[in-house]
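# sequence first, predicted coordinates after that:
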Amino acid sequence: MSKEYEKNEGVMDVERISSLLGSLRSQQTLSPGQPEGPRSRDATGGSSSESAFVQVLDGLTKAQEDADRAIELLVKGEPVDLHQVMISAETADIAFRLAVQLRNKLVRAYEEIMRMQV
Amino acid sequence: MENLLRVLQVAASGLSTQRMRLNVVANNIANANTTRTEGEGAYRRRQVVVRAKEGTSLPRLFDVGIVGGEGMPESSLSGVEVARIVVDDRPGPRVYEPDHPDADEEGYVEYPNVDVVTEMTDMLSATRSYQANVTVIDAIKQTLLKALEIGRS
């Protein structure tokens, strides 16, 4: 996941030039990572932060699906506003970044606990 | 989070509206010399009537969003929409052109009541408004990205 994130960051650097392309690519990069959501949900048994994270992942999946659908409609030539496509792509982008930040936080907390002397 | 995403939707409605205005201006300019229509007489210029959108429930990104503050109805921030497109019924200029196929018995042709200069200023206004809405979206995005940088180090 972290490797994907690095790749994704690289893509996002050029987003001002071709934001749509970047988001398209990030969508592709993300596709293999999407099973993360359900898997995490299966593992949900306990802490509230974990279930909150799962909800955020669900929201991320939804945002990405919206963006996918919008891009698909655009490519098909359906009458969809270009800016709506861009906004949904940006929303997915921001949602992804939020999820990554939360994941970083969780991992950092986990590592902190693992380093604890017993 | 939801507030900021709501503003995204508001700005998007502004973009849609301005795009519609541009479409109407384009139609007016394209028909600036049209003397024949489906109905009768010359083309009449179209105008967009814009109204503030009343509260609708917008999609939320996350169910675990930060709850908005009280005292200010969120539903009042719902953006803008095109109410309808109206036809400007003022008569157009009558020009004496007896050879024209659409000339009446006296040899006068009614031209559209489209003033290209007015349409151009409308177009500039719509373009600038569109850009303003895009700038708003950029600002929102920058805000969100800045917020995500909190604690990253």
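Structure's in. What do you need? Quick caveat, the model's predicted, so the values are computed rather than measured.
# can you name every helix or strand that the one helix or strand residue B:138 maps to contacts?
Using DSSP states H and E, residue B:138 sits within helix B:116-148. With contacts defined as 3 or more C-beta pairs under 8 Å, 6 or more residues apart in numbering or on different chains; DSSP states H and E, helix B:116-148 has these neighbours: helix A:82-114, helix B:2-30. All C-beta spots, glycine's among them, are computed from the backbone N, C-alpha and C.
# tell me which of those helices is the most buried.
helix B:2-30 (a mean of 19; mean count of other C-beta atoms under 10 Å in any protein chain shown).
# next, the angle from the helix or strand following that helix to helix B:116-148.
Counting by DSSP H and E, the element after helix B:2-30 in chain order, helix or strand, is strand B:46-52. Orientation of strand B:46-52 against helix B:116-148 (axes from the mean of the first three to the mean of the last three C-alpha atoms, to 10 degrees) gives an angle of 30 degrees.
# in the following helix or strand past strand B:46-52, which residues are buried?
For strand B:46-52, the succeeding helix or strand toward the C-terminus, using DSSP H and E, is strand B:80-87. Under the neighbour-count criterion of 16 or more other C-beta atoms under 10 Å in any protein chain shown, strand B:80-87 has B:80-82 buried.
# let me have those residues in TSV, extended by pLDDT.
Output for the buried residues of strand B:80-87, formatted as TSV (pLDDT from 0 to 100):
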residue	pLDDT
B:80	89
B:81	89
B:82	91
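# avg pLDDT for the helix holding residue B:138?
For helix B:116-148, the mean pLDDT works out to 93.
# wait, residue B:103 touches residue B:109, no?
Yes - using C-beta atoms under 8 Å, residue B:103 is in contact with residue B:109, at 5.0 Å.
# quick one: residue A:57 and residue A:66, what's the gap?
Per C-beta to C-beta, to the nearest Å, residue A:57 is found 15 Å from residue A:66.
# swap in residue B:44?
In terms of C-beta to C-beta, residue B:44 sits 40 Å off from residue A:66.
# again with residue A:115
39 Å.
# okay, now the residue of chain A found nearest chain B: neighbour count?
Going by C-beta to the nearest C-beta, chain B is nearest to residue A:59 of chain A, at 3.9 Å. Residue A:59 has 21 neighbours, counted by other C-beta atoms under 10 Å in any protein chain shown.
# show me what counts as buried in the helix or strand it falls within.
Take DSSP H and E as the rule and residue A:59 turns out to sit in helix A:48-76. For helix A:48-76, burial by neighbour count (16+ other C-beta under 10 Å) applies to A:53-64, A:66-68, A:70-71, A:74.
# excluding chain neighbours, give the residue nearest to residue B:7 in space.
With C-beta to C-beta, 6 or more residues apart in numbering or on different chains as the criterion, residue B:7 has its nearest non-adjacent residue at 5.4 Å, and that residue is residue B:140.
# pLDDT weak spots in chain A?
For chain A, residues meeting the criterion pLDDT under 70 lie at A:1-47.
# which elements pack onto the helix or strand of chain B with the lowest mean pLDDT?
Every helix and strand in chain B was compared by mean pLDDT, DSSP states H and E; the lowest is helix B:2-30, with a mean of 88. Applying 3+ C-beta pairs under 8 Å, 6+ apart, one finds that helix B:2-30 contacts helix A:82-114, strand B:46-52, strand B:80-87, helix B:116-148.
# could you say what helices and strands the helix or strand following the third one packs with?
Using DSSP H and E, the helix or strand that directly follows strand B:80-87 along the chain is strand B:94-96. Strand B:94-96 is packed against strand B:108-110, with contacts defined by 3+ C-beta pairs under 8 Å, 6+ apart.
# buried sites along the strand it packs on?
B:108-110.
# nearest to chain A, of those residues?
residue B:110 (33.7 Å).
# for the closest one, which non-adjacent residue is spatially closest?
Closest to residue B:110 by C-beta to C-beta, 6+ apart is residue B:42, at 4.6 Å.
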